[in-house]
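Peer 1: Take this sequence and fold it.
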Amino acid sequence: MNTDNTPPHNIKPKFELVLLHPKYFLTWCGMGFIYLCKFLPYSLIIKLGSALGTLLQSISPHRKEIAQANMQLCFPNKDVAEINELVKAHFKNFGVGIFELAIAWWSSEKTIKSLKRNSQNINILNDLNKDQGALILIKHSTHVELDIRLMSLDIDLGGMYKPQSNKVMSYLMIKARNRYVNGAINNRQAKMAVDWMKGGHKFLYAADQDYGTKVSQFIPFFGVDAATVTFPEHLSKKGIKIIMANVARNQDGFDLEFHELTDYTEEGSVLKQMNSFYEDFILKSPPSFLWMHRRFKNRPQGQEPIYSDWKRRDRKREKIRNKRS
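Peer 2: Residues are numbered from 1 along each chain as shown. Coordinates of the predicted model:
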């Protein structure tokens, strides 16, 4: 039974005068341009995005270094030239993903349906009892916003978001997602999400990043110990189904697939299955995974840091988090 008496719902974002502050002028201009791109042929969006990604690679040396470090750890058999080509392809995919925001946030349902090719194993979700909740685990792909929109065609789902430091981007993101997500909450409202899932709601969550050692345990990811959030395993013990979902871009659209985790017997078994599925999903299209995030930010005791040049940035973020708490 749902312990939160309120049904899944969205919080309507408020348009505040601060959004018109001059510091957000370029954000409004940029997002206005991206909005107009929804009227362009998808083939042209791919070309524009690839060009933008190439530009971003040249002006983002730190993100490039992070992507290279991650790929070298996860693909030790690839040589330097292969890693460099993979990095280039990743940034191009990232650039395309920026333009795909226009499709995900503002295109019609007819347009979204035209991009979906098939939904493998969607019966896993359709066969659940009405009061059977599920946590649907997705990966941080370069087209994650479009992934959410595509899945919303098949599933009445909620999701968790992290408020952006840019208030305009937060406003636009929440306003757009409210059109196709039922039960969108921020990352400080996890209890509400659990209550809704106990009541039968389906909820999206991306568990493929390092969220800190306080909420994680070290589980192999491509053979490297990675801080893996334990939230999915905790929910599996409460009777909530854990479903893995993947969205992959092909030549003329996107393919969706769903898989249920079945081994809940031992401590850590859910997390091991989860990371194994993430690896399989990533290998289907390596450039489309979000490699420029620090997947191995926290290391097991005694191991050297992977991204030592980012310590100053971490200290600054820690101060901001402490002020908020």
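Peer 1: check contacts around Phe231.
Peer 2: Phe231 sits next to Leu135, Ala190, Tyr205, Ala207, Val215 when contact means Cβ atoms under 8 Å, 6 or more residues apart in numbering. For glycine as for every other residue, the C-beta is placed from the backbone atoms N, C-alpha and C.
Peer 1: Among those, name the ones in strands.
Peer 2: The strands, defined by DSSP state E, take in Leu135, Tyr205 from the contacts of Phe231.
Peer 1: Dump the contacts of Phe231 to CSV, plus pLDDT, neighbour count and distance to Pro41.
Peer 2: What follows is the contacts of Phe231, written out as CSV (pLDDT from 0 to 100; neighbours: other Cβ atoms under 10 Å; distance: Cβ to Cβ, whole Å):
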residue, pLDDT, neighbour count, distance to Pro41
Leu135, 95, 24, 36
Ala190, 82, 14, 40
Tyr205, 94, 21, 33
Ala207, 96, 23, 35
Val215, 94, 13, 43
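Peer 1: Relative to Lys284, which of the contacts of Phe231 is nearest.
Peer 2: Lys284 lies nearest to Ala207 out of these, by Cβ to Cβ, at 18.1 Å.
Peer 1: where's that closest one relative to Gly32, distance?
Peer 2: 34 Å (Cβ to Cβ, to the nearest Å).
Peer 1: Same check on Ile219?
Peer 2: 42 Å.
Peer 1: for Phe296, same thing?
Peer 2: Taking Cβ to Cβ, one finds Phe296 at 37 Å from Gly32.
Peer 1: So which of those two has more stuff around it?
Peer 2: Phe296 (21 against 9; other Cβ atoms under 10 Å).
Peer 1: Provide a list of residues in contact with the more buried one.
Peer 2: Applying Cβ under 8 Å, 6+ apart, the residues near Phe296 are Ala69, Asn70, Leu73, Asp210, Val224, Ala226, Ala227, Ile306, Tyr307.
Peer 1: before we move on, back to that, adding distance to Val96, write the contacts of Phe231 out as TSV.
Peer 2: TSV is the format used below for the contacts of Phe231 (distance: Cβ to Cβ, whole Å):
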residue	distance to Val96
Leu135	28
Ala190	31
Tyr205	24
Ala207	24
Val215	32
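Peer 1: Okay, strands next: where are they in the stretch 51-200 of the chain?
Peer 2: For the stretch 51-200 of the chain, the strands defined by DSSP state E, counting those that start in this stretch occupy 116-120, 134-138, 157-161, 184-186.
Peer 1: ok so, going back, tell me which of the contacts of Phe231 is nearest to Asp156?
Peer 2: Set against Asp156, the nearest of these by Cβ to Cβ is Leu135 (14.6 Å).
Peer 1: For that closest one, name its beta-bridge partners.
Peer 2: Phe203, Ile242 (DSSP bridges).
Peer 1: Please tell me how far it sits from Trp106.
Peer 2: Going from Leu135 to Trp106 by Cβ to Cβ gives 28 Å.
Peer 1: Next: Ile306.
Peer 2: Relative to Trp106, and taking Cβ to Cβ, Ile306 is found at 37 Å.
Peer 1: Looking at the contacts of Phe296, which are in helices?
Peer 2: Ala69, Asn70, Leu73 (DSSP state H).
Peer 1: Turn those residues into JSON lines, columns for pLDDT and neighbour count.
Peer 2: Below are the ones in helices among the contacts of Phe296 laid out as JSON lines (pLDDT from 0 to 100; neighbours: other Cβ atoms under 10 Å):
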{"residue": "Ala69", "pLDDT": "96", "neighbour count": "17"}
{"residue": "Asn70", "pLDDT": "97", "neighbour count": "25"}
{"residue": "Leu73", "pLDDT": "97", "neighbour count": "16"}
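Peer 1: Could you point out which of the residues you listed is nearest to Asp131?
Peer 2: Asn70 (40.1 Å).
Peer 1: ok, that closest one - contacts?
Peer 2: Per Cβ under 8 Å, 6+ apart, neighbours of Asn70: Trp291, Met292, Arg294, Arg295, Phe296.
Peer 1: For those, work out which two are farthest apart.
Peer 2: Farthest pair in the contacts of Asn70 (Cβ to Cβ) is Met292 and Phe296. Separation: 12.8 Å.
Peer 1: Now do the phi/psi pair for Asn246.
Peer 2: The phi and psi values for Asn246, taken as degrees, to the nearest 10, are phi -140, psi 140.
Peer 1: ok, now which ones touch the nearest residue to Leu172 once chain neighbours are set aside?
Peer 2: The spatial neighbour of Leu172 that comes closest, neighbours along the chain excluded (Cβ to Cβ, 6 or more residues apart in numbering), is Met31 at 6.1 Å. Neighbouring residues of Met31 by Cβ under 8 Å, 6+ apart: Val168, Met169, Leu172.
Peer 1: list the buried ones in the helix or strand where Met31 lies?
Peer 2: Assigned by DSSP states H and E, Met31 belongs to helix 25-36. Neighbour-count burial for helix 25-36, counted by 16 or more other Cβ atoms under 10 Å, picks out Met31, Ile34.
Peer 1: distance between that helix and the chain's centre?
Peer 2: Mean-position distance between helix 25-36 and its chain equals 22 Å (Cα atoms, centre = their mean, to the nearest Å).
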